[in-house]
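A.B. asks: Fold the following, please.
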Amino acid sequence: MVLEVRWDGTGIKNHESVITKFYGCNPNGTLTFRRDKKKHKFSDRKTTYELAIHEKKVPVERFLEFIGDLQTNMTFRFHT
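C.D. replies: Numbering: from 1, shown residues only. Predicted coordinates for the structure are as follows:
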């Protein structure tokens, strides 16, 4: 599964790197992730992650934090 996160970039310097952290997968161990190999900048207006799902038929919740000038968070949920 590929997760794509987009933003408008208002007020952010285009050359700034996108730095993110994933937290708190619920249920624990349900998925792992790998960042896109490209080093994204805010001017890209998106970043992608490849998610590997390890369990079937369970609801999943994960917290994604953007660090740096954007300083925002998001929680995403889905059902495997």
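
A.B. asks: State the three-state secondary structure for Lys13.
C.D. replies: What DSSP: H, G, I helix; E, B strand; the rest coil gives for Lys13 is coil.

A.B. asks: check which helix or strand covers the residue most central in space within the chain.
C.D. replies: Nearest residue to the geometric centre of the chain (C-alpha atoms, centre = their mean): Leu64, 5.2 Å. Using DSSP states H and E, Leu64 falls within strand 59-67.

A.B. asks: ok, back up a step: from Asn73, how far out is the residue nearest to the centre of the chain?
C.D. replies: Using C-beta to C-beta, to the nearest Å, Leu64 is found at 7 Å from Asn73. C-beta: built from backbone N, CA, C; applies to glycine.

A.B. asks: swap in Glu55?
C.D. replies: Counting by C-beta to C-beta, the gap from Glu55 to Asn73 is 25 Å.

A.B. asks: same thing with His40?
C.D. replies: Distance, His40 to Asn73, by C-beta to C-beta: 17 Å.

A.B. asks: Surely the residue nearest to the centre of the chain is in contact with Phe76?
C.D. replies: Yes: when contacts are counted by C-beta atoms under 8 Å, Leu64 is listed as touching Phe76 (6.8 Å).

A.B. asks: Tell me which stretches of the protein form strands.
C.D. replies: Secondary structure of the chain (DSSP state E): strands at 2-6, 19-26, 31-35, 46-53, 59-67, 72-79.

A.B. asks: Report the distance from stretch 18-34 to the chain centre.
C.D. replies: Mean C-alpha position of stretch 18-34 versus that of the full chain (C-alpha atoms, centre = their mean, to the nearest Å) differs by 8 Å.
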